[in-house]
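Q: sequence and predicted structure, then a few things I'm wondering about:
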Amino acid sequence: MKQITTEKLGNRWVLYRPELIPEISEDYFSCLRMQEKDLVIGRADGRGETCFYQSGEKVWALRHYLRGGLIAKFLTDHYFGIRLKNTRAWREWHLLKDMVDMDLPVPVPVAASVIKKGLFYQADLVTEYIESSNTLADVLENDYLDSTIWVDIGQCVRKFHDHSVFHSDLNAKNILLDQNKKVYLIDFDQCGFRTGEGWKAENLSRLKRSLEKFKSRQNQFYFEESNWKDLLAGYD
């Protein structure tokens with residue numbers, strides 16, 4: 001990946017690629033400001049607030065980090081930490097960069113933002129949007145997938161595991177299929193590299209539990225045990 005630049009804008013630290021953003025501004029990290037400029041073209045559900053906006057000929061995805069669990073009631077989007085390199089946005093940006101360099105199918109990182117407030121910080125991440133894509137969960141609400149695609153999903157997960165990449169939340173919402181049915185993994189918050197082999201089987205089990213959960217909660221969800229066997233065939 002090309003040059004990386006770090007700058008300070010007031011109390012906000014930003015990390016970005018100058019070949020993509022020649023002149024950085026805080027607007028890149030605000031869905032509201034992009035909406036005011038009539039550049040927002042869509043939004044996504046999830047724990048983090050995500051919007052998709054036009055930037056020249058590209059579409060970028062902006063995610064604002066939000067907490068989950070009980071602590072979210074008190075610290076909605078504030079995280080403890082004073083070292084920039086340990087913030088969620090910085091770590092996820094660099095992990096994405098490393099994976100792009102490994103030719104793994106992930107969104108290309110564009111910029112990261114951290115606003116420091118005493119011992120806490122707020123964070124945002126901008127990545128290139130994978131155009132004409134849908135989550136695996138959304139696709140399975142409408143129809144069955146061909147067995148070859150399930151094999152491709154298994155091969156994709158195996159590729160990450162072979163590079164020792166641990167996805168802490170491998171589920172049907174974090175797997176994307178583009179219009180050509182190419183498989184991507186997304187949302188690498190709190191993820192990283194791991195040694196050993198034991199975690200890989202649990203990672204697969206987490207994905208299966210996710211698919212079974214979607215199927216149990218929805219009237220229509222096209223997932224069967226035979227699909228999982230195809231996925232494992234691709235993985236193996």
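A: Done, it's in.
Q: can you get me a residue count around Tyr121?
A: Look at Tyr121: counted by other C-beta atoms under 10 Å, it has 27 neighbours. For glycine as for every other residue, the C-beta is placed from the backbone atoms N, C-alpha and C.
Q: ignore the last one, Ala137
A: Neighbours around Ala137, by other C-beta under 10 Å: 19.
Q: quick check: phi and psi at the nearest residue to it once chain neighbours are set aside.
A: Nearest residue to Ala137, sequence neighbours excluded (C-beta to C-beta, 6 or more residues apart in numbering): Ala172, at 3.9 Å. Phi and psi for Ala172, reported as degrees, to the nearest 10, are phi -70, psi -10.
Q: show me the contacts for Ala172.
A: Thr135, Leu136, Ala137, Leu140, Leu207, Ser210, Leu211, Phe214 (C-beta atoms under 8 Å, 6 or more residues apart in numbering).
Q: in strands, which of those residues appear?
A: Among the contacts of Ala172, the members falling in strands (DSSP state E) are Thr135.
Q: list the buried residues of stretch 75-82.
A: Residues Asp77, His78, Tyr79, Gly81 are the ones in stretch 75-82 that count as buried (16 or more other C-beta atoms under 10 Å).
Q: oh sorry, the question was meant for stretch 135-155
A: Buried, per 16+ other C-beta under 10 Å, within stretch 135-155: Thr135, Leu136, Ala137, Val139, Leu140, Leu145, Ile149, Trp150, Val151, Asp152, Ile153, Gly154.
Q: can you pull out the strands in the protein?
A: Going by DSSP E, the chain shows strands at 5-9, 12-16, 40-44, 49-55, 58-64, 79-80, 109-117, 120-128, 134-135, 165-166, 175-177, 183-185, 192-193.
Q: with mean pLDDT added, can I get these in a markdown table?
A: Below are these laid out as a markdown table (pLDDT from 0 to 100):
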| stretch | mean pLDDT |
| --- | --- |
| strand 5-9 | 93 |
| strand 12-16 | 96 |
| strand 40-44 | 88 |
| strand 49-55 | 90 |
| strand 58-64 | 94 |
| strand 79-80 | 90 |
| strand 109-117 | 95 |
| strand 120-128 | 95 |
| strand 134-135 | 94 |
| strand 165-166 | 98 |
| strand 175-177 | 97 |
| strand 183-185 | 98 |
| strand 192-193 | 97 |
